[in-house]
Each structure stands twice: as C-alpha cells, then as structure tokens.
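> Compute the structure for the input listed below.
(chains A, B, C and D)
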Protein chains: 2
Amino acid sequence: MSNSGIRSRAPVPLDRCGMARASDILGDRWTLLILREAIYGVVRFADIQADTGVPRSVLSNRLAKLVDAGLLTRFEYTEDGARPRQGYRLTKRGAALATTFLAMKDWWDMGQETPPTVRFVPKGQAKPVRVALLDENGEEVDPADLKLQLD
Amino acid sequence: MSNSGIRSRAPVPLDRCGMARASDILGDRWTLLILREAIYGVVRFADIQADTGVPRSVLSNRLAKLVDAGLLTRFEYTEDGARPRQGYRLTKRGAALATTFLAMKDWWDMGQETPPTVRFVPKGQAKPVRVALLDENGEEVDPADLKLQLD
DNA sequence: GCCCCTCGGTCTATATTTCAAACTCAGATA
DNA sequence: TATCTGAGTTTGAAATATAGACCGAGGGGC
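Presented below is the predicted three-dimensional model:
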C-alpha cells in the first residue's frame, strides 16, 4: 500500500468510497460480535446475549438495525412440542460478510503466538482457509504492492 | 458457512476466538474511518479530522488507543522550511489490516449498482484486486463451503 | 518586538448512549 | 393455579460523545 510522501489533504472522494457507509453499519463494538454469532450459526436472542454479554436492550436495538440494513432476517421456528420462537439468521448479503470476518480473524491470529483454537476449514479438507488478494489472473498479490486508483 | 439446525448454546470457545479481541480495537465507528485514512496514506491530525469529521477530542483519544494497540506510530516530519509536525502512520501490524479493509470494501461495493470510484490495483496492472478464500492448495473456496473446526 | 496564523491538541458543559436490573407478555409445564 | 422460559421493553444512573472555546509552540510579516 503506497504511503509515499506527506499530503495535506486526502486524495480520495470520501463519501463515495463505501468504507464510510460500511462503518456506519459495522463500526460498533456489539454489532461485530453479533454478526460473528450469526456466522457461527447462533440464532436465538438469549444465546447471542449470553455468548457476547451485550445488554438486552442494546441487543434488541442492534438486531433491529441489522434487519433494517438487510444483513439479518428474523424468522419463526418451532422445536418439537415447544411454542414458536424468534430467531435471526444471515441474509445473503449478511453472509457475504464472511470473507471480511475471516480476514479479521486471520489478522488477529497472525498477531498471536499460540495457534487459534477455532478454524474455518473447507468441507472435505483438513487445513483451514486463508484470505488472500488476487489479481485479474488469479495470481496472489502482496498487499504492499497496491496503488490507489481514483476516478 | 454451515447454519444447520437451531442450537440453544454457541459451540464456540468464545473468549479464545480472537474476534472478540479484534472488535475491542476495531469495533468503533471512528476507529474504522481513522484506519481507512491511514491506509490511504493520510498522516496529519487535521487532515484525518477534516476527512472523517471525527471531533478532535475523540480523534485524539482514538489515535492514542491505536498507537497503544500497536497499529499506528507517531512520527515527526519536517516539510521544507516549515517547523516539525506530528504524523501517524501504520505499523506493520496495522498495515496487515489492509486485507480486512479490502474485504469490507469489496463487500460494500458488491451491494451497489454503480461501480466503485476508488479501487486498489496491483502495481503495473489495470484491474483491481479482489479478496478471496484459498484452501491449502491455493484453490479458491466458496465461503458457503466452510465448516467450523474447534479444539 | 509584536501580532497573527497554523497545527495538534486539551477543556468544558451539554447531549446522547450504555448499562444493569426490574418489569412485561405469551405460551408451555407442573 | 402457579411457575417457567424466551424475547423482549422500561427505567434511571453512569459513561461517552459532541461542539465549540481555549491553549502553546513555531513561523511569517511588518
């Protein structure tokens, strides 16, 4: 990533760049944890609450925002002999965040001495996936070898 | 990503999984924007402030936290004939977040009808990179074909 | 020397958000 | 009938965020 020279202004059309919008949704301590739960397949209000420690009122608020943003859907399910319950699961758009979360996990794991105890593995394989940058030919690219291109 | 069945508890050793720790640092509306600035190569307090709109007091606080977390370093630089200034730039560990940010950008861009106006392109090439999951043989993996593996 | 400007902050007083704990409501269970 | 559980909502105190004023050091113009 080129970090050449000291500029006095950003060279980037900021409100069009997407990152700002993404961080409107994702830039929150609890939201990231809630989405992690969703990626793990946890669907119940009480379970998300117990796993993350988020206060109920905040969880309620964040789930509503995530549904509103189209990342989660609320559905009703009935376990045998129990009354119907509500659950939350990822939409297609929400599930597309998996790569981002895996990148974040890789980043964190890279900084640790001990190997991770949770891994994401391709079905039918033994070793975990990793996240990489690919060029147009499918060749891997070093993140340090990128340049910014603006319209 | 397997989302099979309704569980009443998470299957994941949560405090060891890294995501929680990563979101301690990254899970904040302004922090994500500040790091984006750093990735773009913006180094000056006043510029980050102007680009993102973060209040000065918050920026001051977040920069300190990011330095403390080892993602940014503060350095002094002198432009020709000007007095020395302070700047912030990514550490190695901070720069390693680029993949996460690119994944987030890809995710956002994917949800838009209009193509992005900011792109990251490998040096010497014309088309932007994309973020992908690779298995141990370097083959690309569909995020939907992953399973969780726990110790 | 004196005034004013910029940069990189800090301080202050108000507004918003978070939090823990209590409460609600509906259906199942004893 | 009383009780429990899941999925929330309400409440009032505590923590955070915010805008805007202030500060201190270095440089330039006069």
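> Chain A: helices as residue ranges?
A:19-26, A:29-40, A:45-52, A:56-68, A:92-95, A:98-110 (DSSP state H).
> okay, the angle between the third one and helix A:56-68?
Going by axes from the mean of the first three to the mean of the last three Cα atoms, to 10 degrees, helix A:45-52 is angled at 110 degrees with respect to helix A:56-68.
> okay, which residue of chain A is out on the far edge from center?
A:G81 (34.7 Å; Cα atoms, centre = their mean).
> before we move on, the earlier item: how about TSV for the helices of chain A, with mean neighbour count added?
Quick note: C-beta positions are derived from backbone N, CA and C, even for glycine. As requested, these are arranged in TSV below (neighbours: other Cβ atoms under 10 Å in any protein chain shown):
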stretch	mean neighbour count
helix A:19-26	20
helix A:29-40	23
helix A:45-52	18
helix A:56-68	15
helix A:92-95	16
helix A:98-110	22
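> And the pLDDT for the residue farthest from the centre of chain A?
Listed pLDDT for A:G81 reads 77.
> Setting aside sequence neighbours, what's the nearest residue to A:A96?
B:W107 (5.6 Å; Cβ to Cβ, 6 or more residues apart in numbering or on different chains).
> so what's that neighbour up against?
Contact partners of B:W107, counting by Cβ atoms under 8 Å, 6 or more residues apart in numbering or on different chains, are A:A22, A:A96, A:L97, A:T99, A:T100.
> do the same with A:R21
With contact set as Cβ under 8 Å, 6+ apart, A:R21 has these partners: B:W108.
> How about the contacts made by A:L63?
Contacts of A:L63 (Cβ under 8 Å, 6+ apart): A:I34, A:F45, A:L72, A:R74, A:Y88.
> again, only using 6 Å
A:Y88 (Cβ atoms under 6 Å, 6 or more residues apart in numbering or on different chains).
> From DNA strand C, how far off is it?
Applying Cβ to the nearest atom of the strand, to the nearest Å, the value for A:L63 to DNA strand C is 13 Å.
> How about A:T73?
As for A:T73, its distance to DNA strand C is 21 Å (criterion: Cβ to the nearest atom of the strand).
> what's the burial count for A:T91?
The local packing of A:T91 (other Cβ atoms under 10 Å in any protein chain shown) involves 15 other residues.
> Contacts only, for it.
A:G70, A:T73.
> A:R130 now?
B:L134.
> For it, list each beta-bridge partner.
B:L134 (DSSP bridges).
> Wait, A:E140 touches A:V131, no?
No. Using Cβ atoms under 6 Å, A:E140 is not in contact with A:V131, being 10.9 Å away.
> Compare the two (neighbour count), which wins?
Higher neighbour count among A:E140 and A:V131: A:V131, with 22 against 12, using other Cβ under 10 Å.
> Can you tell me the closest non-neighbouring residue to the residue nearest to the spatial centre of chain A?
In chain A, the residue lying closest to the centroid (Cα atoms, centre = their mean) is A:F101, at 3.9 Å. Closest residue in space to A:F101, ignoring its immediate chain neighbours: A:I39 at 5.8 Å, by Cβ to Cβ, 6+ apart.
> go on, A:R56?
A:Q49 (6.0 Å).
> so the one you found touches A:S60, yeah?
No. Between A:Q49 and A:S60 there is no contact under Cβ under 6 Å: 9.6 Å.
> Now A:G81: phi and psi?
Per-residue torsions, A:G81: phi 80, psi 0 (degrees, to the nearest 10).
> Look at the nearest residue to A:D109 once chain neighbours are set aside and say how many residues are nearby.
Excluding the flanking residues, the one nearest A:D109 by Cβ to Cβ, 6+ apart is A:P116, at 4.5 Å. Per other Cβ under 10 Å, the neighbour tally for A:P116 reads 18.
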